[in-house]
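Visitor: Please work out how this folds:
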Amino acid sequence: MKRPKIKMKVIKEEAGYSAYTNVGDDFIGTQGETFDELKEMVLDAVNLAFEDKGLIYTIDEIEFTYDLASFFEFYKVINAKALSQRIGMNQSLLAQYIKGIKKPSPAQTRRILNGVQQIGRELAEIRFLF
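Guide: Okay, here's the model as predicted:
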C-alpha cells in the first residue's frame, strides 16, 4: 500500500483543540486540551487507523492546517495589529476573523496567509552579528 499523506485540520475549541481528516473513506479525529496534547492524540489516532496496514507515522510526517483562531493561538508572537497594518487590512476586521465572529472569504484568507508567509521569509533571512 502506498503511504497516504496525512493532513490534519486543527480547530480551536472552547475547551482545547480538535483535529480531523479523511483518508480515503476513513475519518480520523481527536481532541486535546493543549496543542502538545493534541499532537500526541493525533499521532496515536493516525497510527491506530493504519495499524492493520502495518504503517507507523511520526509527528513530523503529519501536516497540520489551522483555522485563523487556532493559528493565532499557536503563534501568539505574531501581533495581529502589526499584521493588519502590513497587509492593509482593517485591524478590527482581522480581529473579528481571528475570534471567529466573521468568516473571511478565500481571497481574504489568502491575503492574511501571504502576509504571514512574507514575515516568515523575512525572518528566515535574518542574520545576527557575532
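
Visitor: List the contacts of Ile11.
Guide: If you count contacts by C-beta atoms under 8 Å, 6 or more residues apart in numbering, Ile11 has them with 17-19, 66-67, 69-70. Placement of C-beta: from N, CA and C, glycine included.

Visitor: got a pLDDT number for it?
Guide: For Ile11, the model assigns a pLDDT of 90.

Visitor: CA-only coordinates of the regular element (helix or strand) spanning it, as PDB, when you get a sec.
Guide: Here Ile11, judged by DSSP states H and E, is contained in strand 6-13. Provided in PDB are the C-alpha atoms of strand 6-13 (Å, rounded to 0.1, in the frame of the first residue of the first chain):
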ATOM      1  CA  ILE A   6      -1.900  12.900   6.400                       C
ATOM      2  CA  LYS A   7      -3.200  16.500   6.600                       C
ATOM      3  CA  MET A   8      -4.900  17.200   9.800                       C
ATOM      4  CA  LYS A   9      -7.200  20.200  10.100                       C
ATOM      5  CA  VAL A  10      -6.900  21.900  13.500                       C
ATOM      6  CA  ILE A  11      -9.700  24.000  15.100                       C
ATOM      7  CA  LYS A  12      -9.600  26.000  18.400                       C
ATOM      8  CA  GLU A  13     -12.500  24.900  20.500                       C
END
